[in-house]
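**Q** Predicted model follows, preceded by the sequence.
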Amino acid sequence: MPRVGLTPDRVVDTAIALVDERGLDGLTLAAVAERCGVAAPSLYKHVSNLADLRTLVGVRLLREMSDQFATALIGRSGADAVATLMRVYRSYVVAHPARYAAMPVDPLHQPEFADAGRRLLEVMGAALRPWQLSDADLVHAMRAARVITHGFASLESAGGFGLPQDLDETYERLIRMFLTSLPSAKTPQES
């Protein structure tokens, strides 16, 4: 019988806290059990093994990111929505680099992550909807936004920008470059 108070959600919460503190390599069943105040075998009532726990963590983090994106986009549209999405994405990665690293790189091609990955893409697609992009152009646009944000935020969180110029200004320039790259003569707000 599972220990009172120990639930799958608590196990995942504890695992995420350990990822934040120690990185993904620091996530072990023994560390989670110790933090939860149980013996490691007690965790097997809630997770099958470390791989299962990492999957649960990845799904939770994809959902967390999707929820933050969706919340930030409420009441926004067009260029404002896309710029906000890119800013929130960057902020999430910089604030939680270990969590971000714990997410699957390609969730759509792993069945256990596919639903959470699709939700994230739906939120991104909604921000780009006013451009009325073809399916192919939408994929290209989402990839470009992801590459810009992932690359910049990953470098930033790793201390990769040593020159004194303002990082926010650089990022805002990248957002503007991305918006002007969308296959449209005008942004939706200029119509």
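**A** That came through fine. Numbering: from 1, shown residues only.
**Q** hey, let's count contacts and neighbours off CA atoms from now on
**A** OK.
**Q** Show me what whichever strand or helix holds residue 52 is in contact with.
**A** Per DSSP states H and E, residue 52 falls inside helix 50-73. Residues outside helix 50-73 that contact it (Cα atoms under 8 Å, 6 or more residues apart in numbering): 12, 15-16, 28-29, 47, 81, 84-85, 88-89, 92, 99-100, 102-104, 112-113, 116-117, 119-120, 123, 127.
**Q** so of the residues you listed, which ones are in helices?
**A** 12, 15-16, 29, 81, 84-85, 88-89, 92, 99-100, 102, 112-113, 116-117, 119-120, 123, 127 (DSSP state H).
**Q** List only those of these flagged as buried.
**A** Taking 16 or more other Cα atoms under 10 Å as the criterion, what is buried in the ones in helices among the contacts of helix 50-73 is 12, 15-16, 29, 81, 84-85, 88-89, 92, 99-100, 102, 113, 116-117, 119-120, 123, 127.
**Q** Not counting its neighbours along the chain, what's nearest residue 121?
**A** Nearest residue to residue 121 in three dimensions, chain neighbours excluded: residue 142, at 7.9 Å (Cα to Cα, 6 or more residues apart in numbering).
**Q** meant to ask about residue 174
**A** Using Cα to Cα, 6+ apart and skipping the chain neighbours, the partner closest in space to residue 174 is residue 148 (7.3 Å).
**Q** Mind pulling up the pLDDT for that neighbour?
**A** With respect to pLDDT, residue 148 scores 97.
**Q** what's the answer for the one 3 residues further on, then?
**A** pLDDT for residue 151: 96.
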